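K.L.:
predicted structure and sequence below. I'll ask about it afterward.
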Amino acid sequence: MGEELPSVLISEIGGTFGILESHVEFLKKHFNLITMKEFHKNKEELHERIKSIFVFERRPVIDPELLESLPNLKVIGNSGVGVNHLNLKLITSFGVKVTNTPHAVSDSTADIGMALMLASARRLVEGCCLATSPDTTHFAVNWLGVEVSRATLGIIGMGSIGYKVAKRAKAFDMKILYHNRNRRKEEEEQEVGATYCKNIDDLLQQSDFVMLVVSLTPETHNLIGKRELELMKPTATLINICRGAVVDQDALVEALQNGVIKAAALDVTYPEPLPRNHLLLQMKNVIITPHIGTATVQALRMMTEEAVENILAVLNDLPIPSEVIPK
Ligand SMILES: O=C(O)[C@H](O)CO
């Protein structure tokens, strides 16, 4: 008889927020999957068996009650890079490790950053609406866009996603500035032609496009508020592909209304989705997508694979590819 596979708790299979059926087959090669429903039905028998929780789309919710009920839990494998939905201090106080998938998400999220920047600069959404409207008297000359080529892009957060954005922006001949907690190696800066701004204010003042690519932490909550928006050029565009709460949204609405900045392109907001009557949804100079940075066939597959690699590494006492350590 072969060795028993480790038991891993998951939210559910299929449905709106469940794990994709096509990934379940892969997961099942490595794990004995237990859904939350099965767990709740048969806690007594299952609670000692569960070694890991695979978190997808922020589910299942990891609360103290769940952590207390799983005495042999070793690792929470988050599928995705952002872990702001996990209470890291609480989880690690149970001796449980947390892992994430920064590599799997980087290309698809960087693509969304570029797509939003280009769409905003060239007024793509307005163009689509005009093309499909009954009014055929519009002329492009009345609503000119701007070029991203040779413009200055300021990237705030130069982790794996930020770096991939820089690579793409280089191909568009953009001047690239970046701010990050830790400066990148000189060779890495040279490869993408990026200049480090130790002071975030310098980046804000000089950039035509400011792209936010940081993790949401207490330090980055409301990182961009009224003061920061006022430092930006009145012709600048703010692009957010990380987490909504990195921006003070009320300050952003005010800045967009008063011409403090020109436009915003947001893949993330708070809450998600925004209430249908939210002012951001009514502004012509705002593009909003519903948090689709990782919504590609390839990214989701790689996220699952990277999460499995992390979980197996923890369970087999091997070096962990992507462990998240609370600060
Ligand atoms: O954090 C991420 O990787 C994406 O936002 C998907 O959750």
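P.N.:
Looks like it came in fine.
K.L.:
OK, contacts around Gln206?
P.N.:
Taking Cβ atoms under 8 Å, 6 or more residues apart in numbering, we find Gln206 in contact with 152, 154, 177, 197. Heads up, the C-betas are built off the backbone N, CA and C, glycines and all.
K.L.:
hmm, Leu212 is touching Gly157, no?
P.N.:
Yes - taking Cβ atoms under 8 Å as the definition, Leu212 is a contact partner of Gly157 at 6.6 Å.
K.L.:
overlap in contacts of those two?
P.N.:
Residues touching both Leu212 and Gly157 by Cβ under 8 Å, 6+ apart: Cys242.
K.L.:
thinking again about what came up before, okay, and which of the contacts of Gln206 map to strands?
P.N.:
Counting by DSSP state E, those place 152, 154, 177 in strands.
K.L.:
tell me how many other residues surround Ala38.
P.N.:
Let me fix one detail, which is that residue 38 is Glu and not Ala. 14 (other Cβ atoms under 10 Å).
K.L.:
find the nearest non-adjacent residue to Leu212, please.
P.N.:
Nearest non-adjacent residue to Leu212, counting by Cβ to Cβ, 6 or more residues apart in numbering: Asn240, 4.6 Å away.
K.L.:
if I pick the one you found, what's in contact with it?
P.N.:
211-212, 246-247, 264-268.
K.L.:
now render the ones in strands among the contacts of Gln206 as JSON lines, adding pLDDT.
P.N.:
JSON lines is the format used below for those (pLDDT from 0 to 100):
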{"residue": "Thr152", "pLDDT": "99"}
{"residue": "Gly154", "pLDDT": "99"}
{"residue": "Leu177", "pLDDT": "99"}
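K.L.:
can you pull out the strands in the stretch 51-200 of the chain?
P.N.:
For the stretch 51-200 of the chain, the strands defined by DSSP state E, counting those that start in this stretch cover 75-79, 97-99, 152-156, 175-179, 194-196.
K.L.:
tell me which of the ones you listed lies nearest to Pro290.
P.N.:
For the strands of the stretch 51-200 of the chain, the distance to Pro290 is smallest for strand 75-79, at 18.2 Å, taking Cβ to Cβ.
K.L.:
what sits up against that closest one?
P.N.:
Outside strand 75-79, the residues touching it (Cβ under 8 Å, 6+ apart) are 8, 51-57, 62, 86, 91, 96-101, 303-304, 306-308, 310-311, 314-315, 324.
K.L.:
just the closest of the ones in strands among the contacts of Gln206 to the ligand, please.
P.N.:
Gly154 (21.1 Å; Cβ to the nearest ligand atom).
K.L.:
what about the closest one, how many neighbours?
P.N.:
Neighbours of Gly154 using other Cβ under 10 Å come to 27.
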